[in-house]
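>>> What shape does this take:
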Amino acid sequence: MLNGRDGRTGDEVVQPGTDDDSRFAANRLGVLRRAHLGTAGDCAVSTITERGVDAGILDLGVTPKQLGEPHIDDKVVKSGRTTGVTHGIVTRPFAKVRVPYGPPIGTKEIECFEIGPDPRHPAAGGEISTHGDSGSAWMFKTRAGRPSDVLAGLHFGGEDESDPVDRALACFPRAVFEQLKITLDPPAVASLESVAAGYDPGFLSVPVPTPSLNPSIKDTAVRVDGSEVIPYTHFSLALSKPRRFAIWVAWNIDGGALKALNRKGIDFVTDPRVPAGDQVDNALYKGAANRLDRGHIARRADLCWGPLPEAEKANHDSFFYTNITPQMDDFNQSKRNGLWGRLEDAVFEDVDVEHLKVSVFGGPVFQDDDREFRGVRIPRAFWKIIVFSEQGTFKAKAFLLAQNLVLPESLELDEFRVFQVKVDEVQKQAHIRFPAVMTAADTLVVPESLEERQPLESLADIDWS
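Numbers count the residues shown, from 1 in each chain. A predicted model of the protein is given here:
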């Protein structure tokens with residue numbers, strides 16, 4: 001049901017309905033745009049902003065492409081929420097019925113047509129329609145008995161409880177479409193280029209600007225349109241010209257608007273805005289014996305939030321090589337119980353995050369003695385900082401993935417550990433400067449001696465206080 005007795009334009013709509021699945025937040029579809037209750041029928045239309053769309057009718061395998069007019073003895077078929085696929089025959093091509101809606105609406109007269117059961121295809125439950133089937137599309141059948149792409153009508157009711165004759169009532173599609181100002185033409189696809197892009201410094205309750213580069217590396221940053229900050233959907237980054245990887249990546253996560261999108265069919269690509277020689281491409285990863293994997297800095301799943309076109313654009317943007325760093329094939333296994341890849345999940349699980357919003361900063365640690373492969377020096381340590389508010393307190397929590405904090409020359413990748421560190425330590429390692437609001441929000445107390453620093457063994461070891 002899109003519009004109840006107390007419905008108003010702008011009401012949130014869910015699918016499945018709350019009678020079938022009470023998880024309101026997980027099932028958001030859009031908002032009520034228009035509704036009509038009168039001669040043309042009992043009908044409403046919703047936007048679809050939170051979900052993907054499959055225009056095909058469930059279990060019928062057809063998509064409505066034309067509006068038709070019913071005639072006596074026309075054969076029709078529908079797929080409904082309650083009775084599933086049922087077959088019928090038009091028994092009255094025009095009727096007026098009076099439907100009591102109760103106070104304060106009263107009785108409404110609706111023009112419609114009537115459908116009776118098809119004796120050659122009896123309904124499994126003995127009813128061709130019942131409560132919950134409203135809105136189902138009755139489709140004309142072809143001479144061969146298959147569903148056509150011609151819409152006969154929209155189901156809205158059936159026989160009275162005292163009436164022993166099984167029947168269905170459907171609104172005339174043209175009348176409904178005119179009242180709701182809709183068509184069967186698919187909407188124009190929103191230009192992905194118009195989707196809002198880039199890390200948002202004002203995303204949290206306290207503004208958090210992007211990092212600044214130390215003078216020692218500032219001139220090494222790749223510039224796009226005159227800026228060292230390169231924007232994408234929901235994230236931005238600064239790219240090192242000599243290292244050809246991101247110096248830092250900043251991204252926003254709206255935990256309440258995340259979309260479960262898959263990565264099937266999305267390829268890793270270079271950014272056409274960046275000169276080819278300033279970014280690493282697939283040549284680094286080619287070869288059956290090559291042990292390097294492509295690792296996202298800003299996690300793909302973190303970026304897929306917001307209205308569906310925006311989330312899909314973010315999903316694709318995450319695969320630009322500018323957001324990728326190489327990792328050894330055993331690197332993921334080295335993240336001690338998967339800690340590194342689960343830090344963002346952990347903050348939502350363990351902390352009462354204000355408005356379910358966090359901002360994250362991450363990147364590699366560049367060192368002069370990083371080992372070279374195919375002409376590319378491979379980073380061997382990484383950092384990440386998670387920024388959020390909890391009960392009015394602004395916080396910043398920093399982490400380093402390394403063998404240990406002094407990063408010795410000899411490094412075995414399977415010895416990598418995750419350390420919780422100070423924001424200031426990350427600044428020194430990455431040669432960048434975070435805004436003062438972040439350093440002030442870092443309350444972690446660490447041992448003075450590096451040798452006393454212990455790696456995190458589990459997510460429970462993280463200090464979110």
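>>> switch to C-alpha atoms for all contacts and neighbour counts from now on
Fine.
>>> Ends of stretch 376-392, what's the gap?
Stretch 376-392 has an end-to-end distance of 44 Å (Cα to Cα, to the nearest Å).
>>> Ignore what I typed, I meant stretch 272-289.
29 Å.
>>> Just the buried positions in it, please.
By neighbour count on 16 or more other Cα atoms under 10 Å, the buried set for stretch 272-289 is 278-281, 284-285.
>>> what does stretch 81-97 give?
Buried residues in stretch 81-97, defined by neighbour count with 16+ other Cα under 10 Å: 81, 83-94.
>>> so how far is it off the chain centroid?
Stretch 81-97 sits 37 Å away from the centroid of its parent chain (Cα atoms, centre = their mean, to the nearest Å).
>>> what ranges do the helices span in the stretch 51-200 of the chain?
For the stretch 51-200 of the chain, applying DSSP state H, counting those that start in this stretch gives helices covering 173-180.
>>> repeat for the stretch 201-350 of the chain
Along the stretch 201-350 of the chain, counting by DSSP H, counting those that start in this stretch, helices occupy 215-218, 300-303, 308-317, 343-350.
>>> which stretch among these comes nearest residue 424?
Nearest to residue 424, of all these, is helix 215-218, at 16.8 Å by Cα to Cα.
>>> ok, and what's touching the closest one?
Applying Cα atoms under 8 Å, 6 or more residues apart in numbering, the external contacts of helix 215-218 come out as residue 431.
>>> go on, stretch 367-387?
Contact partners of stretch 367-387, identified using Cα under 8 Å, 6+ apart, comprise 243, 284, 325-326, 344, 358-366, 394-403, 409, 423, 426, 438.
>>> Mind doing that once more with 7 Å?
With contact meaning Cα atoms under 7 Å, 6 or more residues apart in numbering, stretch 367-387 is reached by 243, 284, 326, 358-366, 395-402, 426.
>>> give the contact list for the most centrally placed residue in the chain.
Residue closest to the average C-alpha location in the chain (Cα atoms, centre = their mean): residue 259, at 2.1 Å. Applying Cα under 7 Å, 6+ apart, we find residue 259 in contact with 304-305, 311.
>>> Show me what stretch 251-258 is in contact with.
Contacts for stretch 251-258 (Cα under 7 Å, 6+ apart): 199-200, 234-236, 298, 302-306, 356-361.
>>> Buried ones among those?
Buried residues within the contacts of stretch 251-258, counting neighbours by 16+ other Cα under 10 Å: 199-200, 234-236, 298, 302-306, 356-361.
>>> burial count for residue 228?
Per other Cα atoms under 10 Å, the neighbour tally for residue 228 reads 20.
>>> Tell me who's in contact with it.
With contact taken as Cα under 7 Å, 6+ apart, residue 228 is in contact with 221-222, 238.
>>> Check what pLDDT it gets.
Note for residue 228: predicted pLDDT of 95.
>>> before we move on, back to that, of the contacts of residue 228 - the most surrounded one?
Neighbour max across the contacts of residue 228 (other Cα under 10 Å) = residue 238, 29 neighbours.
>>> re the thing from before, now pLDDT too, for the contacts of residue 259, in a markdown table please.
Listed next are the contacts of residue 259 as a markdown table, based on pLDDT from 0 to 100:
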| residue | pLDDT |
| --- | --- |
| 304 | 95 |
| 305 | 93 |
| 311 | 92 |
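>>> Tell me the one of those nearest residue 55?
Using Cα to Cα, residue 311 is the member of the contacts of residue 259 that sits closest to residue 55, with 20.0 Å.
>>> separation between that closest one and residue 402?
When residue 311 is compared with residue 402 (using Cα to Cα), they lie 32 Å apart.
>>> Then residue 41?
66 Å.
>>> just residue 361 next, same as before
Between residue 361 and residue 402 the computed distance is 17 Å (Cα to Cα).
>>> now residue 272
32 Å.
>>> Residue 306 now?
Separation of residue 306 from residue 402 (Cα to Cα): 34 Å.
>>> do the same with residue 47
From residue 47 over to residue 402 the distance is 48 Å, taken as Cα to Cα.
>>> what about these two, which has more around it?
Neighbour count, other Cα under 10 Å: between residue 47 and residue 402, residue 402 has more, with 23 against 14.
>>> got a list of what the more buried one touches?
381-382, 416-418.
>>> Pull the contacting residues for the nearest residue to residue 431 once chain neighbours are set aside.
Leaving aside its sequence neighbours, residue 431 sits nearest to residue 214 (Cα to Cα, 6 or more residues apart in numbering; 5.6 Å). Neighbour list for residue 214: 431-433 [criterion: Cα under 7 Å, 6+ apart].
>>> So which of those residues sit within strands?
If you go by DSSP state E, the contacts of residue 214 have 432-433 in strands.
>>> Which among the contacts of residue 214 count as buried?
Buried members of the contacts of residue 214, counted by 16+ other Cα under 10 Å: 431-433.
>>> Got the confidence number for residue 153?
96.
>>> now swap in residue 106 and tell me
Value for residue 106, per-residue pLDDT: 89.
>>> Do I have it right that it meets residue 100?
Yes: counting by Cα atoms under 7 Å, residue 100 is a contact partner of residue 106 at 5.8 Å.
>>> neighbours of residue 55, just the number please.
Close neighbours of residue 55, defined as other Cα under 10 Å, add up to 12.
>>> now it, nearest residue through space, not along the chain?
residue 63 (5.7 Å).
>>> mind listing what that neighbour touches?
Residue 63 makes contacts with 55-57, 149, as judged by Cα under 7 Å, 6+ apart.
>>> Now it. Its backbone dihedrals?
phi -120, psi 130 (degrees, to the nearest 10).
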